[in-house]
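> from the sequence below, what's the structure:
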Amino acid sequence: MPELPEVETVRRGLDRFAVGRRVERVEVGRERTVRRTSRRAVIDGLTDTTITAAHRRGKYLLLPLDSGDELMIHLRMSGQVLVAPAGTDRPPHTHVVAHLDDGNELWFVDPRTFGEVVVFDPTNVEVELPELARLGPDPISDGLSLRELRSLLRTRKRLLKPLLLDQHAIAGIGNIYADEILHAARLRPDRLSDELPTAAERRLHGAIHEILTRAIEAGGSTLGDAQYVDLLGEGGSYQDDHAVYGRAGERCQTCGVGWIRRTVSAQRSTHFCPRCQR
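From the prediction side, this is the model:
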């Protein structure tokens with residue numbers, strides 16, 4: 001958490017508030033946030049550059065700069081990207097501040113410091129950010145055809161839930177949306193990928209795009225910890241539409257008969273309805 005819909009919401013905020021802006025000055029506090037390179041590398045790489053676009057692949061935010069480099073931001077567990085007028089009181093754990101030429105500041109806030117901020121050369125991504133180079137297709141930014149998904153399922157003998165969580169297979173899906181997608185597709189999380197009938201493959205393909213699109217439209221999911229917010233500090237609302245995630249012990253709202261069950265799959269909590277999902 002955050003997952004694809006939350007990161008896409010942040011990307012859209014960056015497209016609105018950061019693209020076209022020149023970075024006049026950079027402050028870096030906690031060294032751990034820029035551990036991939038160094039405090040000096042991030043300051044020098046961003047200062048006096050203009051942000052030319054805002055992209056996303058999976059859970060990675062990618063901001064091309066007019067210098068030819070790119071800024072990568074990964075929120076991981078608790079990272080936030082916020083924008084505010086210069087002089088606004090900053091929240092605790094604000095580790096990177098970019099002073100923009102319109103009088104706003106762009107903050108990277110991360111209480112648990114698992115997130116990262118990196119300036120890198122996109123022509124050397126395999127060396128500088130190898131995990132980014134190895135990402136699978138992103139269903140929203142790249143597209144994921146039924147044919148591609150079918151090949152992915154049939155060439156691997158894996159349980160569905162861990163397969164959906166594998167960023168090398170499909171980029172961007174995490175624990176929340178894997179559960180919601182499998183429920184919408186009426187598939188148990190422990191079904192084997194290479195044993196699905198063609199109708200189930202079609203349901204899964206449709207559910208991936210439907211759930212992710214609906215979640216993006218709702219601004220993502222903000223859970224009880226309220227750690228995920230958009231650039232203006234507003235939470236999403238898709239948590240109100242969760243069919244199974246976080247609803248263990250409740251009656252299934254889809255079938256009205258089954259009870260949502262919680263198990264553990266791939267060392268992650270997994271929620272499903274045994275009545276709906278076969």
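> distance between stretch 110-125 and the chain's centre?
In terms of C-alpha atoms, centre = their mean, to the nearest Å, the centre of stretch 110-125 is found 14 Å from the chain centre.
> which residues does it contact?
Around stretch 110-125, the neighbours that count as contacts under C-beta atoms under 8 Å, 6 or more residues apart in numbering are 28, 30, 32-37, 41-42, 45-46, 64-65, 68-80, 92-93, 95-96, 108, 128-129, 132-133, 227. C-betas here are computed from N, CA, C, even on glycine.
> show me which of those are buried.
Among those, those classed as buried by neighbour count (16 or more other C-beta atoms under 10 Å) are 28, 33-34, 36-37, 42, 45-46, 64-65, 69-75, 78-80, 93, 95-96, 108, 128-129, 132, 227.
> tell me the helices in the stretch 101-250 of the chain, going along the chain?
Shown for the stretch 101-250 of the chain, the helices assigned by DSSP state H, counting those that start in this stretch span residues 125-128, 130-133, 146-154, 160-165, 175-184, 198-217.
> of all the ones you listed, which one is nearest Tyr245?
Across the helices of the stretch 101-250 of the chain, the minimum distance to Tyr245, taken as C-beta to C-beta, is reached by helix 175-184, at 4.6 Å.
> that closest one to helix 198-217, inter-axis angle?
140 degrees (axes from the mean of the first three to the mean of the last three C-alpha atoms, to 10 degrees).
> helices and strands around helix 175-184, which ones?
Judged by 3 or more C-beta pairs under 8 Å, 6 or more residues apart in numbering; DSSP states H and E, helix 175-184 is in contact with helix 160-165, helix 198-217, strand 268-272.
> the residue nearest to Trp259 when sequence neighbours are not counted: what's it in contact with?
Closest residue to Trp259 apart from its sequence neighbours, by C-beta to C-beta, 6 or more residues apart in numbering: Arg251 at 5.8 Å. Counting by C-beta under 8 Å, 6+ apart, Arg251 makes contact with Val257, Gly258, Trp259, Ile260.
> could you list the low-pLDDT ranges of the stretch 101-250 of the chain?
Regions of the stretch 101-250 of the chain meeting the criterion pLDDT under 70 cover residues 226.
> can I see the domain layout of the protein?
Domain assignment for the chain by automatic domain parsing gives 4-133, 146-272.
> Throw those domains into a markdown table and include distance to Pro139, thanks.
Listed next are the domains of the chain as a markdown table, based on distance: least, C-beta to C-beta, whole Å:
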| stretch | distance to Pro139 |
| --- | --- |
| domain 4-133 | 8 |
| domain 146-272 | 5 |
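> and the residue nearest to Asp66 when sequence neighbours are not counted, bridged to which residues?
Using C-beta to C-beta, 6+ apart and skipping residues adjacent in sequence, the residue nearest Asp66 is Thr50, 4.4 Å away. Thr50 has the following beta-bridge partners by DSSP bridges: Arg22.
> Thr50 - how many residues pack around it?
Per other C-beta atoms under 10 Å, the neighbour tally for Thr50 reads 16.
> contacts only, for Lys59.
Pro2, Glu3, Leu4, Val7, His74, Leu75, Gln167, Ala171, Gly172, Gly174.
> give me the pLDDT for it.
For Lys59, the pLDDT comes out at 98.
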